[in-house]
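K.L.:
pasting the sequence and the predicted coordinates here, then a few questions.
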Amino acid sequence: MTAKPMQPGVRAEVHAVIFSVLPSLMPSDIDESLHLKDLGADSVDRVEIIMELLHRLGLDEPMSSFSALPSIGALIDLLDQLQARAS
Amino acid sequence: MTEIGIEKLHVYAGLAAIDTAELFHGRGLDLERMDNIQQVRRSIGLGFEDPVTNAVAAARPIVDMLGDRKEAIEVLITSSESGIDYSKSIASYVHKYLGLGHRCRLLEVKQACYAATGALQLAAGYLASGLSPEAKVLVIATDVALVDARASYAEPATGFGAAAMLLGDQPEILRLDGGAFGMHSYEIMDSARPTPEADIADVDRSLFAYLDCLSRSFADYCSRVTSADYTSTFDQLCLHTPFAGLVKAAHRKMMRESGVSDPAAIAADFARRIEPSLVYPRQVGNLCSGSLYLALASLIDNRPDDAPARVGLFSYGSGCSAEFFSGVIDAASHAALRPFTLREQLARRTPLSFDQYTELLHANLAAIVPARDREIELEPYQQFLPRQRGPLLALRRVSGFHRHYEWI
């Protein structure tokens, strides 16, 4: 099975938003196998990150769709799917 | 059409409290996270306090003010997620110790932090029906907190106390906008209290559901109220406040969904329309279904003037059920709240050290654990009683599961 190509900018937006909410992070800190909690994001930070991503990507998706994602990589994948569906 | 709404509102927020900074230091929590929680202190109970004593403490000043007119209270509803019996309601004890009349319906309702709002709306419908002219309904949201170190950053934001509301056709506190409401409910396991000793919470699931429900219940409100707009219909806003940081994020989300994305404009709007409602919640912590009404009292006491103002209110209860509704406050609201001196009551709470706090936690965690027989000594708690106080109802004894209270 061939994976669909990732929408341009989704990964970059995720990284940019994480840095804007958690400015003390270094680029090397973002391991996409980790959960946002592992980067030190508290519950409000996680709300901010998801809200900002939906805003920047222009997506109309319930926040609850993001409540059980296991990793940053899974977040990128879901956003990618949502953006592909919307475009 | 008869105006229906909240005639009187009084909040009881305990006798003792710990500063958030003291709790963060004691628990070894990351102080940088205090900014996101935006909590100043939290109330905590003493060993003789429980959901019954909290409810009575909240409602008694209202009932005393009514005098003989208390006979008009023909429905008493307690809302709680701190039930003390599977069958016998908290309301049955509260009815006794408030000295209410026998011609009265007693009920206890439960839907996490939404329950009091559900009770209020059902009672408002009953009152508006005219089936019993001049009837009053007393709704009391009452709870205890079951959090300790296991709750991590939720612990400093969890409160203790009760909010009592007298509903009727002389709504000095809040005149409900008849027919102006929107709901959103579905099953979700975001937080729960499966035993009388433990709160469980999936934080992300709960916060995200709160935010979704705010958007969806407001959309339902708009389907009933033509031309309603989040940015312009409401002079003030009052949201269920698990902690102030969530309310800030929720407001930003709603503003963006209404087409406002300039951060400075959103911040200014937050300061003007919401900030007054957060003053008391920051001092107390989350009061479960009483939280929205603590925020309403805060708004009425802390807004810069007493001009008539339409308030948008949002209630969310895990599990989940949510409602957005509205009403009007004015100078009469402030006048009705002022005799209860809530600001002064909060200031009179005894400040606790971390060690004193952890000692008191044991009794708090046991407050609603069933016990066939139990005696409660008052002596350990005397040191925490404020010097200036009125009569307090205290749980003194449990005998064959029957709870016995005394005024101290």
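P.N.:
Yep, that arrived. Just so it is clear, the structure is predicted and the values come from calculations on it, not from any experiment.

K.L.:
residue contacts, residue 17?
P.N.:
Since you didn't name a chain, this refers to chain A. Counting by Cβ atoms under 8 Å, 6 or more residues apart in numbering or on different chains, A:Val17 makes contact with A:Ile49, A:Glu52, A:Leu53, A:Arg56. For every residue, glycine as well, the C-beta is placed using N, CA and C.

K.L.:
please go with chain B instead
P.N.:
B:Arg41, B:Arg42, B:Ser43, B:Ile44, B:Gln283, B:Val284, B:Leu346, B:Arg349, B:Thr350, B:Pro351, B:Leu352.

K.L.:
name the helix or strand for it, please.
P.N.:
Counting by DSSP states H and E, the element that carries B:Ala17 is strand B:16-19.

K.L.:
tell me how far that strand lies from the chain's centre.
P.N.:
The chain centre lies 18 Å from the centre of strand B:16-19; the measure is Cα atoms, centre = their mean, to the nearest Å.

K.L.:
alpha carbons of that strand, as PDB, please.
P.N.:
Extracted in PDB, the C-alpha atoms of strand B:16-19 (Å, rounded to 0.1, in the frame of the first residue of the first chain):
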ATOM      1  CA  ALA B  16      -9.900  27.300  55.800                       C
ATOM      2  CA  ALA B  17      -7.800  27.700  52.700                       C
ATOM      3  CA  ILE B  18      -4.200  27.200  51.500                       C
ATOM      4  CA  ASP B  19      -2.300  29.500  49.100                       C
END
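
K.L.:
partner strands of that strand, parallel or antiparallel?
P.N.:
In the sheet, strand B:16-19 lines up against strand B:41-44 (antiparallel), strand B:350-351 (parallel) (DSSP bridges).

K.L.:
helices of the stretch 101-250 of chain B, start to end?
P.N.:
Applying DSSP state H, counting those that start in this stretch to the stretch 101-250 of chain B gives helices spanning B:115-129, B:203-224, B:244-257.

K.L.:
circling back to that earlier point, buried ones only from the contacts of A:Val17, please, as a ChimeraX command.
P.N.:
Selection command for ChimeraX covering only the buried members of the contacts of A:Val17, criterion 16 or more other Cβ atoms under 10 Å in any protein chain shown:
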select /A:49,52,53
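
K.L.:
and the residue nearest to B:Ser315 when sequence neighbours are not counted, what does it touch?
P.N.:
Of all residues not flanking B:Ser315 in the chain, B:Thr117 sits nearest, at 3.7 Å (Cβ to Cβ, 6 or more residues apart in numbering or on different chains). Neighbouring residues of B:Thr117 by Cβ under 8 Å, 6+ apart: B:Ser289, B:Leu292, B:Leu313, B:Ser315, B:Gly317, B:Glu323, B:Phe325.

K.L.:
which residue packs closest to the fifth one, ignoring adjacent ones?
P.N.:
If I follow you right, that is B:Gly317. B:Tyr114 (2.7 Å).

K.L.:
look up how far B:Glu344 lies from the one you found.
P.N.:
30 Å (Cβ to Cβ, to the nearest Å).

K.L.:
could you flag which of the contacts of B:Ala17 are buried?
P.N.:
B:Arg41, B:Arg42, B:Ser43, B:Ile44, B:Gln283, B:Val284, B:Leu346, B:Arg349, B:Thr350, B:Leu352.

K.L.:
so B:Tyr114 and B:Glu344 - more neighbours on which side?
P.N.:
Each of B:Tyr114 and B:Glu344 has its neighbours counted (other Cβ atoms under 10 Å in any protein chain shown); B:Tyr114 has more, 27 against 9.

K.L.:
returning to that earlier point: right, and the residue nearest to B:Gly317 touches B:Phe314 too?
P.N.:
No: the criterion here is Cβ atoms under 8 Å, and B:Tyr114 misses it with B:Phe314 at 10.1 Å.

K.L.:
which other residues reach the longest strand out of those in chain B?
P.N.:
In chain B, with assignment by DSSP state E, the single longest strand is strand B:174-185. Contacts with strand B:174-185, where a contact means Cβ under 8 Å, 6+ apart, come from B:1, B:3-6, B:9, B:121, B:124, B:128, B:212-213, B:216-225, B:228, B:296, B:310-311, B:320-329, B:333.

K.L.:
what about stretch B:164-174, average pLDDT?
P.N.:
Averaged over stretch B:164-174, pLDDT sits at 98.

K.L.:
next: stretch B:141-159.
P.N.:
The average pLDDT within stretch B:141-159 is 94.
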